[in-house]
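**Q** Structure, please.
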Amino acid sequence: MIRAGRRKYAQSSEELAAAMGVTIGTFRNKQPYADEAFPALISSEGARVKLWDSEQTAAHLAGRLVPELPQEDDEQDLLDRNEAGAELGVSPKTWDAYKTHPQIAPHLTKVKGVEHCPRGIVQAFRVAKDAGADAGPKGRPKGSGDMVPRDEISARVGDLLDEDPAVTLATVQERVGLSYTAAARALPRLRGERIADLLEAEPDVTLEGAATRLGYPTAVQRTALVSAATELRARQVQPYLQRVADVLVGAGLADAQDVQVQRLDVDVLAAAALLSGSGAPALVWDERYGWRTAISRRHPIGKETGTPPEGDGIRYLSENQQPEPAELLAALTDGRRGSNYPKTVHRAGGALQG
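**A** Purely as a prediction, here's the structure:
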């Protein structure tokens with residue numbers, strides 16, 4: 001975490017490499033920060049973007065005594081997504097849903113490209129949540145649209161699952177104020193995420209066993225298991241997608257970013273990496289078609305149509321679903337490579353269609 005009052009000292013990998021007089025590539029390869037004597041990271045364990053306190057690193061590099069950071073928690077401490085989730089007792093993915101709440105969203109701030117939230121805001125939200133405040137709309141008039149902002153749906157449906165793992169679609173519709181379609185999309189997805197959480201914690205548990213352990217009724221297990229399988233695929237591919245994004249950063253073609261895997265349909269995954277030093281606004285990965293360039297930075301993935309996107313500015317870069325980042329980088333920077341239409345289409349889950 002970034003301790004209260006020390007935001008100005010937050011230091012990224014690129015800044016630390018420059019202070020050490022080495023390239024970022026050399027810094028990442030040699031990993032000088034792995035030395036026990038090197039000042040500890042201030043970013044959370046497992047965070048993709050590593051951060052240090054520049055006052056500490058400067059002292060270490062100069063051979064001086066490294067000053068200690070404050071040890072007592074403060075309401076102005078800045079927590080990243082892992083730390084904010086831990087403060088609430090939820091997973092980082094659940095925090096991603098909670099952070100859109102109007103009690104939290106206005107207070108989010110980015111430090112060196114990493115989103116943080118003040119500890120006091122997280123604690124106040126926890127108190128309000130535990131007290132049942134802002135439970136959301138009670139019912140949905142016939143013919144109306146969803147009565148809750150889309151980015152708050154996961155958090156509110158998740159609260160109902162916490163109360164009752166066997167909660168029904170009808171209850172979700174009534175308590176949250178959702179249409180049948182929105183409820184039928186959100187509830188199985190969240191059940192699937194929780195099955196995936198349990199499987200990651202206990203690898204010997206089967207999908208069906210996890211669903212039963214979590215208290216999901218037999219009648220809803222089929223859709224929950226399909227969702228869980230999709231969620232597990234998303235978690236398996238995310239490190240690869242992040243590695244591609246990091247290579248783009250190293251090549252000067254993108255800014256540091258956290259790649260988020262999205263669902264285009266019940267069981268189709270896609271993700272986007274925004275570009276900053278290339279002719280294309282973004283790259284899109286679709287598990288059916290592999291990597292392609294995109295024509296929009298704001299909405300790179302676009303709407304799902306069931307067919308591969310085509311048109312000016314769209315170029316499919318590899319026949320492989322997961323080419324090595326170096327191969328992808330070479331294809332991106334060589335306009336002669338690639339095709340206007342995917343040469344190979346993959347089924348969700350990795351099998352080839354043809």
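**Q** Longest strand in the chain, please.
**A** strand 268-274 (DSSP state E).
**Q** Following it in sequence, what is the next regular element?
**A** strand 282-286 (DSSP states H and E).
**Q** Can you name every helix or strand that that next one contacts?
**A** Contacts defined by 3 or more CB pairs under 8 Å, 6 or more residues apart in numbering; DSSP states H and E place strand 282-286 against helix 218-250, strand 268-274, strand 290-294. Using the backbone N, CA and C atoms, a C-beta is placed for each residue, glycine as well.
**Q** So what touches the last one?
**A** Same thing as strand 290-294. Strand 290-294 is contacted by residues 244, 272, 280-286, 300-302, 308-309, 313-323, 328, 332, 342, 344, 346 when judged by CB atoms under 8 Å, 6 or more residues apart in numbering.
**Q** now those residues: which count as buried?
**A** By neighbour count, with 16 or more other CB atoms under 10 Å, those hold 244, 272, 280-286, 300-301, 308-309, 314-318, 321-323, 328, 332, 342, 346 as buried.
**Q** Can you give me the buried ones in stretch 337-350?
**A** Here stretch 337-350 shows 338, 342, 345-346, 348 as buried, counting by 16+ other CB under 10 Å.
**Q** What is the nearest of the residues you listed to Asp267?
**A** Ala348 (4.9 Å; CB to CB).
**Q** just for the chain, where's the confidence low?
**A** Applying pLDDT under 70 to the chain picks out residues 132-147, 266, 348-354.
**Q** domain ranges for it?
**A** 1-133, 135-216, 235-333 (automatic domain parsing).
**Q** so which of those gets nearest Ser227?
**A** domain 135-216 (2.7 Å).
**Q** sorry, back to before: between the buried residues of stretch 337-350, which sits nearest Gly158?
**A** Minimum distance to Gly158 across the buried residues of stretch 337-350 is 24.6 Å, recorded for Ala348 (CB to CB).
**Q** is it possible to export the domains of the chain to TSV including distance to Val226?
**A** As requested, the domains of the chain are exported to TSV (distance: least, CB to CB, whole Å):
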stretch	distance to Val226
domain 1-133	18
domain 135-216	7
domain 235-333	6
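**Q** So which of these is nearest Arg222?
**A** So among the domains of the chain, domain 135-216 is nearest, using CB to CB, at 9.1 Å.
**Q** What ranges does this protein have for its helices?
**A** 13-20, 24-30, 54-61, 81-88, 92-98, 119-130, 153-163, 169-172, 180-201, 207-213, 218-250, 325-333 (DSSP state H).
**Q** can you list those in JSON lines and add distance to Ala40?
**A** Converted to JSON lines, the helices of the chain look like this (distance: least, CB to CB, whole Å):
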{"stretch": "helix 13-20", "distance to Ala40": "13"}
{"stretch": "helix 24-30", "distance to Ala40": "17"}
{"stretch": "helix 54-61", "distance to Ala40": "8"}
{"stretch": "helix 81-88", "distance to Ala40": "14"}
{"stretch": "helix 92-98", "distance to Ala40": "20"}
{"stretch": "helix 119-130", "distance to Ala40": "19"}
{"stretch": "helix 153-163", "distance to Ala40": "32"}
{"stretch": "helix 169-172", "distance to Ala40": "43"}
{"stretch": "helix 180-201", "distance to Ala40": "26"}
{"stretch": "helix 207-213", "distance to Ala40": "35"}
{"stretch": "helix 218-250", "distance to Ala40": "22"}
{"stretch": "helix 325-333", "distance to Ala40": "29"}
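**Q** out of those, nearest to Gly5?
**A** Here helix 54-61 is closest among these (CB to CB), at 11.6 Å.
**Q** relative to helix 13-20, how tilted is the closest one?
**A** Helix 54-61 and helix 13-20 are oriented at 40 degrees to each other (axes from the mean of the first three to the mean of the last three CA atoms, to 10 degrees).
**Q** still on that earlier bit, indicate which one of the helices of the chain is closest to Ala4.
**A** helix 119-130 (8.4 Å).
**Q** Give me the buried positions along that closest one.
**A** Here helix 119-130 shows 119, 121-122, 125, 129 as buried, counting by 16+ other CB under 10 Å.
**Q** and what of stretch 184-204?
**A** Buried-residue list, stretch 184-204, by 16+ other CB under 10 Å: 184-199.
**Q** for stretch 17-27, same thing?
**A** Within stretch 17-27, the residues scored as buried using 16+ other CB under 10 Å are 17, 24, 27.
**Q** contacting residues for the residue lying closest to the last one once chain neighbours are set aside?
**A** Nearest residue to Phe27, sequence neighbours excluded (CB to CB, 6 or more residues apart in numbering): Ala17, at 3.8 Å. The neighbourhood of Ala17, defined by CB under 8 Å, 6+ apart, consists of 23-24, 26-27.
**Q** Let's have those residues in TSV, adding distance to Asp204.
**A** Formatted as TSV, the contacts of Ala17 follow (distance: CB to CB, whole Å):
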residue	distance to Asp204
Thr23	44
Ile24	41
Thr26	42
Phe27	39
